[in-house]
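Colleague: Sequence and predicted structure are below.
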Amino acid sequence: MSSATRRRLRCHECGRTEPTDGDWGRVTHPTLGSLTQCPDCGSTNVQTDR
(Lines give C-alpha, C1' and ligand atoms only; values in the text may rest on other atoms or scores of the structure.)
Protein backbone atom coordinates (compact mmCIF):
# COMPACT_ATOMS: atom_id res chain seq x y z
CA MET A 1 0.00 0.00 0.00
CA SER A 2 1.42 3.40 -0.92
CA SER A 3 1.97 6.05 1.72
CA ALA A 4 -0.67 8.20 -0.03
CA THR A 5 -3.39 5.61 0.60
CA ARG A 6 -2.15 4.32 3.96
CA ARG A 7 -4.45 5.10 6.88
CA ARG A 8 -3.26 7.70 9.34
CA LEU A 9 -4.24 8.60 12.88
CA ARG A 10 -4.77 12.18 14.02
CA CYS A 11 -4.83 13.45 17.60
CA HIS A 12 -7.51 16.09 18.10
CA GLU A 13 -5.70 17.59 21.10
CA CYS A 14 -2.19 18.28 19.76
CA GLY A 15 -2.63 17.65 16.02
CA ARG A 16 -0.10 14.82 15.67
CA THR A 17 -0.70 12.86 12.46
CA GLU A 18 1.13 9.74 11.35
CA PRO A 19 0.49 6.22 10.03
CA THR A 20 -1.42 3.79 12.21
CA ASP A 21 1.75 1.72 12.63
CA GLY A 22 3.60 4.66 14.23
CA ASP A 23 4.40 5.24 17.92
CA TRP A 24 0.77 5.30 19.08
CA GLY A 25 0.21 3.79 22.51
CA ARG A 26 -2.65 1.74 23.89
CA VAL A 27 -4.51 2.19 27.17
CA THR A 28 -7.39 0.22 28.66
CA HIS A 29 -10.51 1.98 29.91
CA PRO A 30 -12.72 0.03 32.36
CA THR A 31 -15.89 0.34 30.25
CA LEU A 32 -14.64 1.33 26.78
CA GLY A 33 -11.86 -1.25 26.46
CA SER A 34 -8.67 -0.63 24.52
CA LEU A 35 -8.05 2.94 23.28
CA THR A 36 -5.33 4.48 21.15
CA GLN A 37 -3.21 7.04 22.99
CA CYS A 38 -1.15 9.87 21.50
CA PRO A 39 2.54 9.54 22.47
CA ASP A 40 3.01 13.34 22.44
CA CYS A 41 0.21 14.58 24.71
CA GLY A 42 -1.32 11.36 26.13
CA SER A 43 -4.79 12.12 24.79
CA THR A 44 -7.10 9.31 23.69
CA ASN A 45 -9.06 11.72 21.45
CA VAL A 46 -7.60 10.09 18.32
CA GLN A 47 -9.34 9.32 15.02
CA THR A 48 -8.45 7.71 11.72
CA ASP A 49 -7.90 10.08 8.78
CA ARG A 50 -7.89 8.91 5.20
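Modeller: Nice, I can see it. Numbers count the residues shown, from 1 in each chain.
Colleague: which residues touch the closest residue to residue 23 other than its chain neighbours?
Modeller: Excluding its sequence neighbours, the residue lying closest to residue 23 (C-beta to C-beta, 6 or more residues apart in numbering) is residue 39, at 4.5 Å. (Glycine included, C-beta is placed from N, CA and C.) Contact analysis of residue 39 by C-beta atoms under 8 Å, 6 or more residues apart in numbering lists 16, 23, 24, 25.
Colleague: So which of the residues you listed belong to strands?
Modeller: In strands, judged by DSSP state E, the following of the contacts of residue 39 are found: residue 25.
Colleague: who wins for neighbours among the contacts of residue 39?
Modeller: residue 16 (18 neighbours; other C-beta atoms under 10 Å).
Colleague: just checking, it touches residue 38?
Modeller: Yes - counting by C-beta atoms under 8 Å, residue 38 is a contact partner of residue 16 at 5.6 Å.
Colleague: if we can go back for a sec, go through the contacts of residue 39 and say which is closest to residue 49.
Modeller: residue 16 (11.2 Å; C-beta to C-beta).
Colleague: Run a quick neighbour tally on the residue lying closest to the closest one once chain neighbours are set aside.
Modeller: Leaving aside its chain neighbours, residue 16 sits nearest to residue 40 (5.0 Å; criterion: C-beta to C-beta, 6+ apart). Residue 40 has 12 neighbours, counted by other C-beta under 10 Å.
Colleague: Many thanks, I have nothing further to ask.
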